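> Structure for the following, please:
(one chain, ligands or ions: 2)
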Amino acid sequence: MISVEEAQARILDLVERMDTETVPLAQAAGRFAAAPATATRDQPPFAASAMDGYALKGVEAEADAMFKVIGEAKAGERFAGRVGAGQAVRIFTGAPVPEGADRVIIQEDVTRSGDLITLGRDLSSGDNIRAAGNDFRAGQVHEMGRISSKDVALLAAMNVPQVPVYRQPDVAVIATGDELVMPGETPGEDQIIASNTFGLKAMFDAAGARARLLPIARDNPDSLRFVLGLAADADLIVTVGGASVGDHDIVGAVAGELGLDQSFYKVAMRPGKPLMAGRLGRAPLIGLPGNPVSAMICGKIFILPALARMLGDDSDPAAPEQVSLTVDLPRNGPRQHYMRAVRSADGVAPMDRQDSSLLSILAKADALIVRPPDDPARRVGDPVDVLPL
Ligand SMILES: Nc1nc2c(c(=O)[nH]1)N[C@H]1C(S)=C(S)[C@@H](COP(=O)(O)OP(=O)(O)OC[C@H]3O[C@@H](n4cnc5c(N)ncnc54)[C@H](O)[C@@H]3O)O[C@H]1N2
Ligand code: MOO
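Ligands and ions are numbered 1, 2, ... in the order given. The predicted model follows:
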């Protein structure tokens with residue numbers, strides 16, 4: 001058995017950065033940028049009024065001063081002339097400031113009568129003008145990782161209509177087992193509903209992949225061979241179940257027969273021990289254990305970092321946080337233990353039941369306590385490593 005860190009490293013070695021494609025800006029949110037964006041223009045492209053009011057020469061802006069209104073500037077349509085001494089232009093927010101003017105007096109500070117205005121006594125300060133290029137300049141570069149709604153708004157303003165992004169990994173997810181039926185179907189007496197594959201698809205899609213659920217492979221080599229064949233063009237194949245040592249655990253054998261170049265089998269972790277990984281044809285294959293919680297935790301610990309690498313996100317995964325225990329814990333065994341846990345204002349405590357079949361417990365947990373192999377007994381108040389769930 002290898003360590004979790006070794007298994008993570010070997011899985012990362014199996015995957016490659018995706019190639020890129022260009023998508024319309026409206027479809028770019030949530031995708032991973034393959035290049036920074038470059039502004040194609042200044043914003044604003046001209047000195048613009050920040051307020052509704054009157055544009056005039058700042059040196060003339062004194063209490064009770066009077067001006068003649070000689071025209072109007074609105075957003076989208078500038079005043080063509082020049083503001084001279086004693087003159088003002090009616091102006092609205094976003095309009096280009098006319099030549100000759102260098103201050104906008106807000107209309108609340110002005111009394112108008114016909115085409116004459118008189119300034120009030122207490123003029124609010126500031127010129128109320130946004131300089132050209134105040135937000136960004138042409139050529140300014142914006143770095144992005146996963147494209148957010150904020151990035152999309154900025155790219156739109158930069159007049160960047162197409163965005164190069166990494167292609168979304170096509171992840172083929174294969175449930176195995178005669179006991180499984182799809183949610184919504186009527187199970188036979190000895191059957192259960194395939195669950196962890198649905199959880200994994202949700203997890204992978206949220207991480208930026210496009211996971212597809214293939215038909216359930218039955219516990220016989222022909223069925224598994226057929227379904228693996230459907231996955232041949234995937235960027236990543238994830239099988240679930242059939243990974244252990246029972247007579248019907250055939251994933252390793254069938255994948256081996258089909259040419260799996262195995263990287264490892266079995267990891268010193270709990271849950272998740274019978275994890276396997278290798279390369280099948282061009283696709284990396286990761287075989288997850290079938291127990292639902294084991295599969296979900298292995299998805300988080302191994303497959304999310306792999307997807308991050310494929311999607312161009314090389315940032316180190318968030319380090320575990322140190323949180324105080326609110327209960328004592330006995331010595332840990334030889335496998336790294338990922339305990340389903342709940343955080344409170346006082347610290348963190350593992351849930352009472354840790355069996356790897358319990359999805360109701362996983363759903364209530366909001367953290368994993370990570371206990372290294374052979375971790376000694378811990379007491380209330382001791383810090384432990386915690387990952388968010
Ligand atoms: N003699 C031993 N038995 C087992 C060992 C061992 O070391 N020696 N390891 C145990 C551990 S740890 C795990 S984890 C499981 C892993 O088994 P498999 O990967 O072979 O998984 P299955 O046997 O196919 O299924 C286990 C369990 O999970 C249910 N299952 C499977 N797929 C799904 C699915 N898509 N949705 C919901 N539930 C699923 C399946 O019905 C079984 O109940 O092996 C232990 N045994
Ligand atoms: O490793 Mo199994 O995943 O302990 O239930």
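
> low pLDDT regions in the stretch 151-300 of the chain?
Along the stretch 151-300 of the chain, no part satisfies pLDDT under 70.

> Closest residue of it to ligand 1?
Gly290 (2.5 Å; C-beta to the nearest ligand atom). All C-beta atoms are positioned from the backbone trio N, CA, C, and that covers glycine.

> shouldn't that residue be in contact with Ala243?
Yes - between Gly290 and Ala243 there is a contact at 6.7 Å, judged by C-beta atoms under 8 Å.

> State the number of residues packed around the residue of the stretch 151-300 of the chain closest to ligand 1.
Using other C-beta atoms under 10 Å, Gly290 is surrounded by 25 other residues.

> Please tell me how far the closest residue to it other than its chain neighbours sits from ligand 2.
Closest residue to Gly290 apart from its sequence neighbours, by C-beta to C-beta, 6 or more residues apart in numbering: Gly241 at 2.9 Å. Remark: distance between Gly241 and ligand 2 (C-beta to the nearest ligand atom, to the nearest Å) = 11 Å.

> now do Gly246
Counting by C-beta to the nearest ligand atom - Gly246 and ligand 2 are separated by 13 Å.

> do Ile174 as well
When Ile174 is compared with ligand 2 (using C-beta to the nearest ligand atom), they lie 18 Å apart.

> What is the burial count for that residue?
So Ile174, with other C-beta under 10 Å, has 27 neighbours.

> A strand includes it, no?
Yes - under DSSP: H, G, I helix; E, B strand; the rest coil, Ile174 falls within a strand.

> Wait, it touches Ala234, no?
No - taking contacts as C-beta under 8 Å, Ile174 lies outside contact range of Ala234: 9.7 Å.

> Would you mind giving the secondary structure of the residue of the stretch 151-300 of the chain closest to ligand 1?
coil.

> Could you pull up the contacting residues of it?
176-177, 196, 240-244 (C-beta atoms under 8 Å, 6 or more residues apart in numbering).

> Could you measure from it over to Ser357?
Going from Gly290 to Ser357 by C-beta to C-beta, to the nearest Å gives 10 Å.

> got it, and Val15?
29 Å.

> Comparing these two, which shows the higher neighbour count?
Counted by other C-beta under 10 Å, Val15 and Ser357 do not tie: Val15 has more neighbours, with 22 against 15.

> quick one: contacts for Pro284?
Counting by C-beta under 8 Å, 6+ apart, Pro284 has contacts 11, 14-15, 236-237, 277-278, 306.

> Inside strands: which ones of the residues you listed?
236-237, 277-278 (DSSP state E).

> CSV for those, including distance to Met203 and neighbour count?
Formatted as CSV, the ones in strands among the contacts of Pro284 follow (distance: C-beta to C-beta, whole Å; neighbours: other C-beta atoms under 10 Å):
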residue, distance to Met203, neighbour count
Leu236, 13, 24
Ile237, 16, 27
Ala277, 17, 24
Gly278, 22, 23
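
> would JSON lines of those with distance to Glu21 be doable?
Shown next, in JSON lines, are the ones in strands among the contacts of Pro284 (distance: C-beta to C-beta, whole Å):
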{"residue": "Leu236", "distance to Glu21": "18"}
{"residue": "Ile237", "distance to Glu21": "22"}
{"residue": "Ala277", "distance to Glu21": "27"}
{"residue": "Gly278", "distance to Glu21": "28"}
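
> for the residues you listed, which one is nearest ligand 2?
Among the ones in strands among the contacts of Pro284, and counting by C-beta to the nearest ligand atom, the member closest to ligand 2 is Ala277, at 15.1 Å.

> separation between the closest one and Ser125?
For Ala277, the distance to Ser125 - C-beta to C-beta - is 65 Å.

> Same question for Leu389.
On the measure of C-beta to C-beta, Leu389 and Ser125 end up 51 Å apart.

> Around ligand 2, pick out the residues from the stretch 51-200 of the chain.
Proximity of the stretch 51-200 of the chain to ligand 2 (C-beta under 6 Å from any ligand atom) involves no residue at all.

> again, but for the stretch 201-350 of the chain
Residues of the stretch 201-350 of the chain that fall close to ligand 2, judged by C-beta under 6 Å from any ligand atom: 270-273, 289, 291, 294.

> where along the stretch 101-250 of the chain do the strands fall?
103-106, 110-113, 116-119, 129-130, 141-142, 162-166, 170-175, 180-181, 192-193, 210-213, 236-240 (DSSP state E, counting those that start in this stretch).

> What count of nearby residues applies to the residue nearest to Gly290?
29.

> likewise Arg379?
Quick note: Arg379 (other C-beta under 10 Å) scores 9 neighbours.

> that older thread, can the strands of the stretch 101-250 of the chain go into a markdown table with extra columns for distance to Val97?
What follows is these, written out as a markdown table (distance: least, C-beta to C-beta, whole Å):
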| stretch | distance to Val97 |
| --- | --- |
| strand 103-106 | 7 |
| strand 110-113 | 16 |
| strand 116-119 | 17 |
| strand 129-130 | 5 |
| strand 141-142 | 27 |
| strand 162-166 | 33 |
| strand 170-175 | 53 |
| strand 180-181 | 69 |
| strand 192-193 | 66 |
| strand 210-213 | 49 |
| strand 236-240 | 55 |
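
> Pick the most buried one from these.
Among these, strand 236-240 has the highest mean neighbour count (mean count of other C-beta atoms under 10 Å), at a mean of 28.

> Dump that strand to PDB, restricted to CA.
The C-alpha coordinates for strand 236-240 follow below in PDB (Å, rounded to 0.1, in the frame of the first residue of the first chain):
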ATOM      1  CA  LEU A 236     -10.600  10.400 -17.700                       C
ATOM      2  CA  ILE A 237     -12.400   7.200 -16.800                       C
ATOM      3  CA  VAL A 238     -13.700   6.700 -13.300                       C
ATOM      4  CA  THR A 239     -15.000   3.300 -12.300                       C
ATOM      5  CA  VAL A 240     -16.800   2.800  -9.000                       C
END
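
> partners of that strand in the sheet?
strand 170-175 (parallel), strand 283-288 (parallel) (DSSP bridges).
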